[in-house]
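A.B. asks: Got a predicted structure plus its sequence, pasted below:
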Protein chains: 2
Amino acid sequence: MTIGAVARRVGVAIDTIRYYEREGLLPEPLRRASGYRSYDEGAVRQLRFIRRAKDLGFTLEEIRDLLALSADRQRGVKAVKKRAEERLAAIDERIAELTRVRDGLEQLIDACPGHGSPDQCPILKALTDQEDEA
Amino acid sequence: MTIGAVARRVGVAIDTIRYYEREGLLPEPLRRASGYRSYDEGAVRQLRFIRRAKDLGFTLEEIRDLLALSADRQRGVKAVKKRAEERLAAIDERIAELTRVRDGLEQLIDACPGHGSPDQCPILKALTDQEDEA
DNA sequence: CTTGACTCTAGACCTGGATCAAAGGTCTAG
DNA sequence: CTAGACCTTTGATCCAGGTCTAGAGTCAAG
């Protein structure tokens, strides 16, 4: 399979595949005599693994780590679960943070009549106590 | 007030202030004979405005926009409220997205025994198995 | 054989939001 | 007066995660 075929199958740009290879997320593939990269199904699976992990919010750095762990057939499982739990905690924290911001913003919006003097606008008031020149 | 004094009062780096000025978020301040920037209270307020808006998740681009709107003391209020509502909707969307990812990840974790063969690990399986794809 | 699609490489460039460096000029306390 | 903190500018660098370019070579179809 050429790089283009893999790219189409997984739905990822060719450049991205080469980038992952440079970054050590994908092994160096075999090459044809011409120098073209030649991929097998395993590469497609690994690329999908990377994409799914990315969708779960893992960074490429973390994915590199996950890949190493999953290669360790015995001890990998425990460590992978741990990483997943850490990831979950991070997501929860991010959600909590966003929720706080969200609620604050909503309060301001609810209190804003949407017209009249800027002095009555709690959004502007919250942002500044009186702003001026530009 | 020198740039350093403003930076200390607002709790922001000097470089950041100059950066905001370059980016059109802060007006060009008066200069002393020496060329030093000279700030007044208005600048401190505007800088705080920027910081608060940033904490609410507005991008610098959006803040530039907010500043222009809030300068229009009459018609600005309505537009500002609208921007705030759009921002709220964007945050809600992001929270929903994160929550989806979160729940998916939690299911995988709950189903993983945390030991044994990697073939039994639903986390690794979910990452590797072929189901969908665009 | 030629065309056009594909691939190769190295390296430059992009976004956002800063942050730092270099080389110099200014200001202030002692 | 001098040390050292502070300020000036332009331009580079950083992070992540790619994206794009140029110029060259390769492959499959007609």
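C.D. replies: Structure received.

A.B. asks: CA atoms for contacts and neighbours, from now on please.
C.D. replies: Fine.

A.B. asks: Spatially central residue in chain A, please.
C.D. replies: Centrality entry for chain A: nearest residue to the mean C-alpha point is residue A:57, 3.9 Å, by Cα atoms, centre = their mean.

A.B. asks: Helix, strand, or coil at that residue?
C.D. replies: Classification of residue A:57 using DSSP: H, G, I helix; E, B strand; the rest coil returns coil.

A.B. asks: confidence score at it?
C.D. replies: If you check residue A:57, the pLDDT there is 89.

A.B. asks: what's the spacing between the lowest-mean-pLDDT helix or strand in chain A and its chain's center?
C.D. replies: Lowest on mean pLDDT, DSSP states H and E among the helices and strands of chain A sits helix A:122-127, with a mean of 76. In terms of Cα atoms, centre = their mean, to the nearest Å, the centre of helix A:122-127 is found 33 Å from the chain centre.

A.B. asks: One more: stretch A:15-24?
C.D. replies: Using Cα atoms, centre = their mean, the offset of stretch A:15-24 from its chain centre is 16 Å.

A.B. asks: CA atoms only: put that stretch into PDB for me.
C.D. replies: Written as PDB, here are the backbone C-alpha positions of stretch A:15-24 (Å, rounded to 0.1, in the frame of the first residue of the first chain):
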ATOM      1  CA  ASP A  15       1.900  14.900   5.300                       C
ATOM      2  CA  THR A  16       0.500  13.900   8.600                       C
ATOM      3  CA  ILE A  17       1.600  10.300   8.100                       C
ATOM      4  CA  ARG A  18       5.100  11.400   7.300                       C
ATOM      5  CA  TYR A  19       5.000  13.700  10.300                       C
ATOM      6  CA  TYR A  20       4.000  10.900  12.600                       C
ATOM      7  CA  GLU A  21       6.800   8.800  11.300                       C
ATOM      8  CA  ARG A  22       9.300  11.600  12.000                       C
ATOM      9  CA  GLU A  23       7.900  12.000  15.400                       C
ATOM     10  CA  GLY A  24       8.300   8.300  16.200                       C
END
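
A.B. asks: Give me the residues contacting that stretch.
C.D. replies: Stretch A:15-24 is contacted from outside by A:3, A:7, A:26, A:27, A:28, A:64, using Cα atoms under 8 Å, 6 or more residues apart in numbering or on different chains.

A.B. asks: Only whichever of the residues you listed are buried, select them in PyMOL.
C.D. replies: PyMOL command restricting those to the buried ones, with burial defined by 16 or more other Cα atoms under 10 Å in any protein chain shown:
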select buried, chain A and resi 3+7+26+64
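
A.B. asks: how about CSV for the contacts of stretch A:15-24, with pLDDT and secondary structure added?
C.D. replies: Putting those into CSV (pLDDT from 0 to 100; DSSP: H, G, I helix; E, B strand; the rest coil) gives the following:
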residue, pLDDT, secondary structure
A:3, 97, helix
A:7, 97, helix
A:26, 95, coil
A:27, 94, coil
A:28, 95, coil
A:64, 92, helix
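
A.B. asks: need the strands for chain A, in chain order.
C.D. replies: A:30-31, A:37-38 (DSSP state E).

A.B. asks: Stretch A:76-91 vs DNA strand D: in contact?
C.D. replies: No - between stretch A:76-91 and DNA strand D, judged by Cα under 7 Å from any atom of the strand, nothing touches; the nearest distance is 12.9 Å.

A.B. asks: likewise stretch A:41-50?
C.D. replies: No - Stretch A:41-50 does not reach DNA strand D (Cα under 7 Å from any atom of the strand); its nearest approach is 8.3 Å.

A.B. asks: do that stretch and DNA strand C meet?
C.D. replies: No - against DNA strand C, stretch A:41-50 shows no contacts by Cα under 7 Å from any atom of the strand, the least distance being 13.4 Å.
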